[in-house]
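Student: sequence and computational prediction follow.
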Amino acid sequence: MASASSPTLSSSAAPLAQSPLASRPTSYDFVIVGAGVVGSALAFSLARSGRTVCLLERDLSKPDRIVGELLQPGGVRALSLLGLGDCLEGIDAIPVEGYQVFYGPRSVPIGYPVEDESEKGLGVESVTGKVEGRSFHHGNFVDALRKRALAQPGVTLIEATVKDIVTNASGVIAGVIATEKQSSSSAAPSTLRIEGSVTVVADGCFSKFRKTHGSSIAPTVRSNFVALELIHAPLPAPYHGHVVLSPSGPILLYQISTEHTRILIDVPGEKLPSVSKGELQAHIRDKVIPSLPEKLRPCVSKTLESGQRLRSMPNSFLPPSMQGQTENRKGVIVVGDAMNMRHPLTGGGMSVGLWDCVHLTRALGGARWSPPLLASEQSQPKDVTASAPVDLHAWSHSIRPALRSWHWSRKPLASVINILAQALYSLFGADDEALAVLREGCFKYFEMGGECVAGPVGLLSGLRPRPTLLVYHFFKVALFSIWCLFAHPRAYASRNGEIVRKPGIAEYPSLAFKSLLVFYTACVVILPVIWTELKANAPTFEDVTSSSALDASLRGSDGLNDGAFHDLLDRVNSSLRHTRKSGYMNYLPLPKRYLA
Ligand SMILES: Cc1cc2nc3c(=O)[nH]c(=O)nc-3n(C[C@H](O)[C@H](O)[C@H](O)COP(=O)(O)OP(=O)(O)OC[C@H]3O[C@@H](n4cnc5c(N)ncnc54)[C@H](O)[C@@H]3O)c2cc1C
């Protein structure tokens, strides 16, 4: 393996110390709440660009979590563009060359593509020329990111819990109130008031401050991932993420260190079966383990029976929203899981977050440095990739357009990852007949190889973030599934046992009806998620949830004066310019007279 990391755990060497008191300024360009994956990377890159940053984290000890353990090649590329590629070195990270999908006794490899000639060197690459992802203990990676942020001139890292957001006399968010962690238990906690031109909320999936930018959308949870850590698991396809399509929901396995393998078991529903009554253990024993590849079953059984604590995390969905476009929400930006989440099945959260750091640094960074452009980005409209420093004190004239640029530049990757994750989860967690037909068709589609693998894996890896390609492959899978219904042999019960044959002509009318149901189901799976992405293209209006309410707010009945109304209208129109070009306008529930 050309680029396998060394197994030494440099990040475990010394606990992270916050910036010394004497070197702390009182006011900053950016105040960032939360030093997770996104907060730490963003603090580093903004400071590298020449901005001053205060990064606040409630707990600087190495995180011990079951999230964010596989970074797709697209995320590795973003990390390289930020200059943080070395955070994957020395943390016992494991190279990932793609996925292996298991479906009953069958399995199919889905390898990552070969590196594009124009983008060579902007990621990690194996001896075969294929791009690679990396999997690791989440804590090791975050610790490495925090250390790089702390070492970057311009970053002040403080171990403190943010309690409140501060608003100045003109109603602009101007910083935070935080309680600093004390070194000794006897000392009283000190309260800090930290001011910044822009406050960035990056406090993760359970965010307390996600609504500060004006969105009232709350995350929804369809299932939970339950995790175990296996020791020396005999993975059938080493250096690959394993996806097992079980009748009870998808199961993921990937190696996270030389010794450890993570298993994430999807358990549908918002609430988990009881652990104290042994219901969750019984579910894993009876429904999950029998669906695993045979050679893995003893290892998982042994770990379960050893009494290892079953850890879980909700799998949330939170669509993004355009930020900073309204008069009453200035001074704050929300990023990472606090702003946008999708089912973790496709392992895309960190990639989206790291690319947000790239785009935001280009949009709001200082004059000293900006993340380089990829060859594929050179052709984007100038306003999307502009890197001229913006005046952080001029929200309406500088930051607002920059945030609009950020919204559009993040759109291709974020929307592909969001839609793909939600749609694949519906297919792989299939709980009705039509979904099962689509799941079977999807698996057979992968079995055909060639573009049927290269296309979807280009999307999943974050290397070819093209929404049209996603829609193309999704509906190709739907039509292929329908074709399989008619043309592929299947098992029928007969007097002499089971026979396998193609459906006869007499079955065609019922199959035609089923086909309609399958196609309708495919539309129901993907169109609502696409809709959430389209809706996100309109600026956020606080407490506006319906088109009539939006209409009312546009007309100024919520107290906006005429000038503000026209200003607002202008912004709506310019925000929707891109959407209109692509014909999406017809689907937006906005009053037509405002969109002419
Ligand atoms: C089960 C599961 C598995 C996943 N697996 C993957 C995967 O394999 N690959 C992938 O790319 N993505 C994965 N994700 C998604 C990924 O973990 C997230 O997208 C990513 O961690 C988001 O980073 P973040 O910085 O926004 O939030 P976090 O990493 O959660 O960081 C938030 C930080 O804010 C701090 N904080 C919170 N509140 C405060 C406060 N008031 N004051 C100060 N600090 C505060 C927290 O301590 C934390 O350090 C997974 C998600 C789940 C649920």
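Tutor: That came through, no problem.
Student: please make it C-alpha for all contacts and neighbour counts, starting now.
Tutor: Will do.
Student: ok, the nearest residue to T167 once chain neighbours are set aside - how many residues close by?
Tutor: Leaving aside its sequence neighbours, T167 sits nearest to I173 (CA to CA, 6 or more residues apart in numbering; 4.2 Å). By other CA atoms under 10 Å, the residues close to I173 number 24.
Student: I'd like the distance between I173 and I333.
Tutor: Remark: distance between I173 and I333 (CA to CA, to the nearest Å) = 10 Å.
Student: joint contacts of these two?
Tutor: V198, T199 (CA atoms under 8 Å, 6 or more residues apart in numbering).
Student: enumerate every residue touching the residue nearest the centre of the chain.
Tutor: Nearest to the mean C-alpha position of the chain, by CA atoms, centre = their mean, lies G349 at 2.1 Å. When contacts are counted by CA under 8 Å, 6+ apart, G349 touches G68, G336, D337, M341, R342.
Student: mind saving the C-alpha coords of stretch 86-100 as CSV?
Tutor: C-alpha atoms of stretch 86-100 as CSV (Å, rounded to 0.1, in the frame of the first residue of the first chain):
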residue,chain,number,x,y,z
ASP,A,86,-0.7,15.6,7.1
CYS,A,87,-3.4,15.3,9.8
LEU,A,88,-3.9,11.8,8.3
GLU,A,89,-0.3,10.9,8.9
GLY,A,90,0.8,9.2,12.2
ILE,A,91,-2.7,8.5,13.4
ASP,A,92,-2.8,4.8,12.4
ALA,A,93,-5.2,5.7,9.6
ILE,A,94,-6.2,2.8,7.2
PRO,A,95,-6.3,3.3,3.4
VAL,A,96,-9.7,2.9,1.9
GLU,A,97,-9.8,1.8,-1.8
GLY,A,98,-13.6,1.6,-2.2
TYR,A,99,-16.6,-0.4,-0.9
GLN,A,100,-17.7,-4.0,-1.0
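Student: near the ligand at all, that stretch?
Tutor: No - figure legend: stretch 86-100 not in contact with the ligand (CA under 6 Å from any ligand atom); closest approach 11.4 Å.
Student: so what's the gap between that stretch and the chain middle?
Tutor: 18 Å (CA atoms, centre = their mean, to the nearest Å).
Student: now that stretch: buried residues?
Tutor: Using 16 or more other CA atoms under 10 Å as the test for burial, stretch 86-100 gives 87-100.
Student: where does the protein have low pLDDT?
Tutor: Residue ranges of the chain with pLDDT under 70: 1-15, 117-129, 184-187, 378-388, 539-596.
Student: up against the ligand, what does it have?
Tutor: 33-39, 56-59, 66-71, 160-163, 202-205, 225, 313-315, 336-338, 344, 347-351.
Student: just the buried ones from those residues?
Tutor: Among the residues of the chain next to the ligand, the ones that count as buried (16+ other CA under 10 Å) are 33-39, 56-58, 66-71, 160-162, 202-205, 225, 313-315, 336-338, 344, 347-351.
Student: in helices only, show me the residues you listed.
Tutor: V37, V38, G39, G349, M350, S351 (DSSP state H).
Student: so the last one touches L71, yeah?
Tutor: Yes - counting by CA atoms under 8 Å, L71 is a contact partner of S351 at 6.7 Å.
Student: which SS class is A149?
Tutor: Assigned with DSSP: H, G, I helix; E, B strand; the rest coil, A149 falls in the helix class.
Student: that one: what's it in contact with?
Tutor: Listed by CA under 8 Å, 6+ apart, the contact set of A149 reads S40, A41, A43, F44, V155, L157.
Student: buried set for stretch 318-335?
Tutor: For stretch 318-335, using 16+ other CA under 10 Å, the buried residues are 318-326, 329-335.
Student: measure it end to end?
Tutor: Taking CA to CA as the criterion, the two ends of stretch 318-335 lie 12 Å apart.
Student: ditto for stretch 226-239
Tutor: Stretch 226-239: ends 22 Å apart by CA to CA.
Student: so how far is that stretch off the chain centroid?
Tutor: With CA atoms, centre = their mean, you get 23 Å for stretch 226-239.
Student: try stretch 67-85
Tutor: On CA atoms, centre = their mean, the centre of stretch 67-85 falls 12 Å from that of its chain.
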